[in-house]
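**Q** A predicted structure for the sequence below; I have some questions about it.
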Amino acid sequence: MRKILVLLIIATFLVSIPLASASSGPPLNKIVFVYREGFAKPPGTPGKGGGGGEEFYEFLGRSVKWKDLPVNYVIDPDNPDGLPETFVVEAISNGAEEWNEHTSAELFGTYTVVYDATFDTDSPDDKNELLFGDYPEEGVIAVTVIWGYFYGPPGQRKIIEFDIMFDIDFSWGDAGLTSESELGGTSIMDLQNIATHELGHAAGLADLYNDQASEQTMYGYAAYGETKKRTLNTGDIAGIQALYGA
């Protein structure tokens, strides 16, 4: 039996020091999900998952979601792998539409294609951007930064912006057909697979690390050649509907 090269990807959950403070409301903060190559869960990483079935989902925080919908976004298709603009746009927008298909809210709206997007880790710029870039740490597959108000009165908690970067240290593309017992192209990180997962963070969901949640899109590990995260599973659907309606 041929060997399958598998890359485990781990999400690390970080919350910044408050960026601003105002007497009328909570401070603006950011949450960063960093996916690294590895074989163990980072200490203190939340997102354990539920007990089974539809309970397999975790939120960024209680009452933390988008309050202003739909969420429009920017796609920068520039990449070193020579992937056509049409492929990049389709892979990412299909990931967004997968979340839209399972909630009554108009969650992700229209996208704009640009070639000068920026990955903002210091301050928000009022644009939700997805792009390729070179993360300064080795072994990082993708990074999602989410800006918002995560503390204070529940009615004031909300997401206001996200940025997603796909690290160019890895080869991106279409991994082809997969099954539970066999992966697709094991030299390819499937763009739609990872984009769908990252957009789950952008919508308000955290990672899962319970092994029983391994079939969920928001499971905190992935593999070269994997495509099963392109479509949502029961827990992903339950989570997004709990946030935005069935």
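**A** Great, that's in hand.
**Q** Looking at the longest helix belonging to the chain now, give me its mean pLDDT.
**A** If you go by DSSP state H, the chain has its longest helix at helix 85-100. Mean pLDDT, helix 85-100: 98.
**Q** Check stretch 209-220 too.
**A** For stretch 209-220, the per-residue pLDDT averages 89.
**Q** Is A238 in a helix, a strand, or coil?
**A** Per DSSP: H, G, I helix; E, B strand; the rest coil, the local secondary structure of A238 is helix.
**Q** before we move on, what about the one 4 residues further on?
**A** Look at A242: counting by three-state DSSP, its state is helix.
**Q** before we move on, which element is the closest residue in space to it that isn't next to it in sequence in?
**A** When the adjacent residues along the chain are set aside, A242 lies closest to Y57, with 7.2 Å between them (CB to CB, 6 or more residues apart in numbering). All C-beta atoms are positioned from the backbone trio N, CA, C, and that covers glycine. Mapping Y57 onto the secondary structure by DSSP states H and E places it in no helix or strand at all.
**Q** What count of nearby residues applies to Y57?
**A** 27 (other CB atoms under 10 Å).
**Q** What's the end-to-end length of stretch 198-215?
**A** The straight-line separation of the ends of stretch 198-215 (CA to CA, to the nearest Å) is 16 Å.
**Q** Compute the distance from the centre of it to the centre of its chain.
**A** The chain centre lies 8 Å from the centre of stretch 198-215; the measure is CA atoms, centre = their mean, to the nearest Å.
**Q** Identify the residue nearest the geometric centre of the protein.
**A** In the chain, the residue lying closest to the centroid (CA atoms, centre = their mean) is E198, at 1.1 Å.
**Q** That one falls within a strand, correct?
**A** No - E198 sits outside any strand when classified using three-state DSSP, being helix.
**Q** contacting residues around it?
**A** By CB atoms under 8 Å, 6 or more residues apart in numbering, E198 lies in contact with F33, G95, L130, A142, T144, I164.
**Q** Which residues does the fifth one form beta bridges with?
**A** With DSSP bridges applied, T144 shows beta-bridge pairing to F33, I164.
**Q** That one - how many residues pack around it?
**A** Neighbour count for T144, taken as other CB under 10 Å: 21.
**Q** repeat for the last one
**A** Counted by other CB under 10 Å, the residues lying close to I164 total 27.
**Q** for the second one, same thing?
**A** When counting by other CB under 10 Å, one arrives at 26 neighbours for G95.
**Q** which sections of the protein are below the confidence cut-off?
**A** 1-24, 37-54, 178-183 (pLDDT under 70).
**Q** just so I have it, where are all the strands in it?
**A** Along the chain, counting by DSSP state E, strands occupy 9-15, 29-37, 71-75, 108-113, 129-133, 140-149, 158-167, 172-173, 189-190.
**Q** of all those strands, which gets the most neighbours per residue?
**A** Highest mean neighbour count among the strands of the chain (mean count of other CB atoms under 10 Å): strand 189-190, with a mean of 26.
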